[in-house]
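J.: give me a model of this one.
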Amino acid sequence: MALTTITGNMVSVNAIQGTLIADNAITAVHIATNAVSGTLIADNAVTAVHIAQNSITVTQLADDCVESDKIADGIITTNHLNKAMISSQTEVTAATGDFVLLGDTSDSNNLKKTPVSSLAALAAVADGAITSAKLDTNIAVTGTLNVGGAFTSLGIDDNADATAITIDSSERVGIGGAINTDYNLTAHGFMELTNSSNATSATFGNLAISRTTKTNGNGVGLNFNMLDAGDVATEYGYVGGIIESNSAGSEDGGLLFATTLNNTRTERMRIASSGDITMSGTGTLRIPNGTTAQRPTGANGMIRYNSTIDGTEEYRGGAWHNLSGVFSGSGGTTYTSGVYTIHKFTSSGSISFNSAGQVDVLVVAGGGGGGTNANIRGSGGGAGGLIYIAGYPVTGSSYTVGIGAGGAEDASGSNTTFAGNSTTLTSNGGGKGGDDDGTDDGQPGGSGGGNWYPGFPGAPATQPTNTSNGSITYPSTGFGYPGGTSGSVHPYGSGGGGAGGAGKDFNDSSDKAEGGPGKNMSGTYGTSVGESGWFAGGGGSGAYPPNAGSDDKFDGGQGGGGRGWNGGTESAQNGTANTGGGGGAGGSGGSGIVLVRYAT
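T.: Residues are numbered from 1 along each chain as shown. Prediction:
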C-alpha cells in the first residue's frame, strides 16, 4: 500500500535539500500543521522558487521553526506571507533595540529591518524646520488652541501671564478681563489711543464711535460705567454727539454732556453746532476767581470773580468793569457819556457806592499861579498833577473828595484828593512861576513852574509816575512835567510844565516860552469837561519889556493853561477853572477836578 503522508520521523535531519524539490512543488496541502521544523531544513535550503505564493500560513509553521539562517537573504517577500500572519499577532510596546520591517523603495516586495529608534528620530522636527511655506494659508483649529510660550505674529505680540483677549460666539470682545454682554467691546484697565495724523487736519481723530442712524436728534456717545455698592455695572456719566441736521453736504452736529442723578441719565449741558451753550439744572456755574493782582491780560468778553472787590467783573473797552448787581454811586454832579455814568466834582464833597465795584477815576490838582508881573518879570505857572486810573476798586462805602484850589499870582496850587476805605489818591498842586532877575524862584509842583532871567532850568515836577493809594501801586498812572528853561535874552522867561509835556524854553524854535501841553481825556469823559476834554496845561510866560511889538504874550498849554503877559492884567492870564491849568505870567492857576466813571 502506497504512503500518502510523510511524517517527521520519515525524514532524516537535513535530508530535504532545495535541489530535491521542484519549483512550487510544496503547497499548503502537502505540509501538515506544525510538520516542518527548523531541524528539518538545511540552512539557506528553501528559496522563493520552492514555495508557492500564500502557501505557508501560521498553521503550517511550528513556533520558532523558521530561523534566519534557514532562509537566504531576500528570499521571502511580502508575496509569500499570508496577511493573517501579521494582523493576528498580539500588539506589543516597542522597546529599545527592537526592529521593524519596512518595504524597500526599489522593490516593494522586499522587506528591510530598521531599529525603532530611527523612526523616533524621524518624528522629531528640528527648530525652524516649519516655515510659512509649509503651512496652509488658513489654519483651522477645532477646540482650544493653547500656546505655552509667547505668541508673536505680524501685529500681535502676546506676552501676557493671564487671559488677554476674549471673543465670544456673538463676536463680543473683552480685553484684559471678562466680557460685559451689554456691549460689543469691554476693556478693563487703561486704554491709550494714539494717532500720527496732523491734529490741524479736518480729518484727524483718534477714536471713532459709530452708529448706523441718520435721524435728526439721534446720537452716539461714551458711557462712563463703574460699579455700584452691589457690584452692578452702572452708568455714572455720558458724553455724546447728536445729529442736528442730516442734510448731505451741510450736516450739523452738537455735543451733549449728561450726569447720573438717582440712577437716571440727566442732560446738563449741550453745545450746539453754532457754538451756543445751553445748561440745565438748578445748580450754579462757578467762574474763575482771583484777586485784582491776579487778573490775566485782558481781552474783551472775559468774565471772572474778583475777590479783591468781592464782585464779578468783565473786560470790555480796554478795562475791567464790575458786573455784580447794578453798581451805582451817589454824589457830585452826574452826566452820561455813552454807556457810562460820570460823577463830576468841581468842589469838595463825597460819593457813596451801593456795593463794591470798579471806577475810572481822574484826580487833578489846582494849577500853580504865574510869576508876578508887578516888576514886569513873570514866567508861567506849572499845571496841577494829574492821576488817571482805569478800573480802580472801590467798596460799598463813602469816599471823600477834596478839590485843590488854583494858586494865586505868584503862589503854587493846592492838592486834590480822593479818599476812602483807608486809601487815598493825591495829586500834587502845580508849582508857581519865577518872577525876578537872578533868583531861580520857579517852584516845583505836580508840574513845575517856569523860570526867569538870566538862564535857570525850570522847576521839577513832583507828581509820581506810579501812583500809590497807600495799599496798592498803579504803574504809569501819574502825570506831570518840569517847567522850561529861562534865558538871558528876550523874552527871558519860560513856560510852566503840563501833564502832557514840559514847559517851553525861552528860545524854543516854534513855541518859545509857552506852557507845556495837558492830557487829552475826551475819549473817556467827553468834551463837556475841562478844555474840550483836556486837563492840566502849563501857564505861558510874559516878556520883557512888554509892548515890544507883538512878541510879548505867550499862550498856555492846551488843558486850561493861562496866557502870560507882563504888561497888565487880563482874564486870559488865569488858568481855566476845574482844569488844573497853570496860570500865565501875572495870572492865577485853575482849580482842580475829580471825575468818577462807571458802566451804567
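J.: so where's the longest strand in the protein?
T.: strand 233-245 (DSSP state E).
J.: what's the offset of stretch 541-560 from the middle of its chain?
T.: Stretch 541-560 has its C-alpha centroid displaced from the chain centroid by 65 Å (C-alpha atoms, centre = their mean, to the nearest Å).
J.: just the CA coordinates of that stretch, formatted as PDB?
T.: Presented in PDB, the C-alpha positions along stretch 541-560 are these (Å, rounded to 0.1, in the frame of the first residue of the first chain):
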ATOM      1  CA  SER A 541       5.400 183.300  30.300                       C
ATOM      2  CA  GLY A 542       5.500 187.000  29.800                       C
ATOM      3  CA  ALA A 543       8.300 189.000  28.100                       C
ATOM      4  CA  TYR A 544      10.500 192.000  29.000                       C
ATOM      5  CA  PRO A 545       9.900 194.700  28.100                       C
ATOM      6  CA  PRO A 546       6.200 194.300  27.400                       C
ATOM      7  CA  ASN A 547       4.800 196.000  24.400                       C
ATOM      8  CA  ALA A 548       7.900 195.400  22.300                       C
ATOM      9  CA  GLY A 549       5.900 194.500  19.300                       C
ATOM     10  CA  SER A 550       3.700 191.500  19.100                       C
ATOM     11  CA  ASP A 551       6.200 189.200  20.800                       C
ATOM     12  CA  ASP A 552       5.200 189.800  24.400                       C
ATOM     13  CA  LYS A 553       2.300 187.300  25.200                       C
ATOM     14  CA  PHE A 554       2.800 183.600  25.300                       C
ATOM     15  CA  ASP A 555       0.000 181.000  25.300                       C
ATOM     16  CA  GLY A 556      -0.700 178.500  27.900                       C
ATOM     17  CA  GLY A 557      -0.700 174.800  27.100                       C
ATOM     18  CA  GLN A 558      -4.000 173.100  25.900                       C
ATOM     19  CA  GLY A 559      -5.800 171.900  29.000                       C
ATOM     20  CA  GLY A 560      -6.600 175.200  30.700                       C
END
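J.: rewinding a little: for the longest strand of the chain, packing partners?
T.: For strand 233-245, the elements it packs on are strand 219-227, strand 252-261, strand 264-271, judged by 3 or more C-beta pairs under 8 Å, 6 or more residues apart in numbering; DSSP states H and E. The way it works is simple: take the backbone N, C-alpha and C, and place the C-beta from them, glycine included.
J.: name every strand pairing with the second one and say which way it goes.
T.: Right, the one you point to is strand 252-261. Sheet pairing for strand 252-261, assigned by DSSP bridges, gives strand 233-245 (antiparallel), strand 264-271 (antiparallel).
J.: burial of Thr477, as a residue count?
T.: When counting by other C-beta atoms under 10 Å, one arrives at 20 neighbours for Thr477.
J.: now do Asp168
T.: Counted with other C-beta under 10 Å, the neighbours of Asp168 add up to 10.
J.: isn't it up against Ala178?
T.: No. Asp168 lies out of contact with Ala178 (C-beta atoms under 8 Å); the separation is 10.1 Å.
J.: so Ala572: helix, strand or coil?
T.: Following DSSP: H, G, I helix; E, B strand; the rest coil, we place Ala572 in the helix state.
J.: ok so, going back, which of the strands paired with strand 252-261 sits most buried?
T.: Most buried of the strands paired with strand 252-261, by mean neighbour count (mean count of other C-beta atoms under 10 Å): strand 233-245, with a mean of 16.
J.: what's next to it, contact-wise?
T.: Strand 233-245 has contacts (C-beta atoms under 8 Å, 6 or more residues apart in numbering) with 180, 182, 209, 213-228, 251-260, 263, 265, 270, 272-273.
J.: include mean pLDDT when you put the strands paired with strand 252-261 into TSV, please.
T.: Supplementary listing: these in TSV, determined by pLDDT from 0 to 100:
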stretch	mean pLDDT
strand 233-245	92
strand 264-271	93
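J.: which residue ranges form the strands in the stretch 301-450 of the chain?
T.: Counting by DSSP state E, counting those that start in this stretch, the stretch 301-450 of the chain has strands at residues 303-306, 311-316, 319-322, 329-330, 333-337, 340-345, 349-353, 357-364, 386-394, 398-402, 416-420, 423-427.
J.: lowest average confidence across those strands, which one?
T.: Comparing mean pLDDT across those, the weakest is strand 319-322, with a mean of 78.
J.: ranking helices and strands of the chain by mean pLDDT, which lands last?
T.: Taking mean pLDDT, DSSP states H and E as the measure, the chain has strand 151-153 as its least confident helix or strand, at a mean of 53.
J.: is it true that Glu514 touches Phe506?
T.: No. Shown here, Glu514 and Phe506 do not form a contact pair, counting by C-beta under 8 Å, at 10.5 Å.
J.: against Gln558, how distant is Lys519?
T.: Distance of Lys519 to Gln558, computed by C-beta to C-beta, to the nearest Å: 9 Å.
J.: re earlier: nearest to Ser486, out of the strands of the stretch 301-450 of the chain?
T.: In terms of C-beta to C-beta, the element of those nearest to Ser486 is strand 386-394, at 24.7 Å.
J.: the closest one pairs with which strands, and in what direction?
T.: strand 357-364 (antiparallel), strand 478-479 (antiparallel).
J.: return the distance of stretch 478-498 from the chain's centre.
T.: Here stretch 478-498 is found 57 Å from its chain centre; the criterion is C-alpha atoms, centre = their mean.
J.: just stretch 328-348 next, same as before
T.: Distance of stretch 328-348 from the chain centroid (C-alpha atoms, centre = their mean) equals 45 Å.
J.: again, but for stretch 430-440
T.: 64 Å.
J.: return the residues in contact with Thr372.
T.: Counting by C-beta under 8 Å, 6+ apart, Thr372 touches 378, 409-410, 435, 586.
J.: just to revisit the earlier point, between Glu514 and Phe506, which is the more surrounded one?
T.: Each of Glu514 and Phe506 has its neighbours counted (other C-beta under 10 Å); Glu514 has more, 31 against 27.
J.: ok, now how distant is that one from Tyr399?
T.: 36 Å.
J.: equivalent analysis for Asn218, please.
T.: For Asn218, the distance to Tyr399 - C-beta to C-beta - is 60 Å.
J.: and the two? which has more neighbours close in?
T.: The residue with more neighbours, out of Asn218 and Tyr399, is Tyr399; 25 against 13, by other C-beta under 10 Å.
J.: just to revisit the earlier point, of all the helices and strands packed on strand 233-245, which lies closest to His188?
T.: With C-beta to C-beta as the measure, strand 219-227 is the member of the helices and strands packed on strand 233-245 nearest His188 (11.4 Å).
J.: point out where the stretch 401-550 of the chain drops to low pLDDT.
T.: 547-550 (pLDDT under 70).
J.: run the chain-centre distance for stretch 492-511.
T.: Distance, stretch centre to chain centre, for stretch 492-511: 55 Å (C-alpha atoms, centre = their mean).
J.: list buried residues within the contacts of strand 233-245.
T.: 219, 221, 223, 225, 254-256, 258-259, 270 (16 or more other C-beta atoms under 10 Å).
J.: about what we covered before: tabulate the strands paired with strand 252-261 (JSON lines), appending distance to Thr336.
T.: Listed next are those as JSON lines, based on distance: least, C-beta to C-beta, whole Å:
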{"stretch": "strand 233-245", "distance to Thr336": "43"}
{"stretch": "strand 264-271", "distance to Thr336": "38"}
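J.: so which of those strands gets nearest Pro454?
T.: Closest among the strands paired with strand 252-261, using C-beta to C-beta: strand 264-271, at 76.7 Å.
J.: what does that closest one contact?
T.: So strand 264-271 is in contact with 235, 238, 242, 254-260, 277-281, going by C-beta under 8 Å, 6+ apart.
J.: and of the residues you listed, the nearest to Thr90?
T.: The closest of the contacts of strand 264-271, once distances to Thr90 are taken by C-beta to C-beta, is Glu235, at 70.5 Å.
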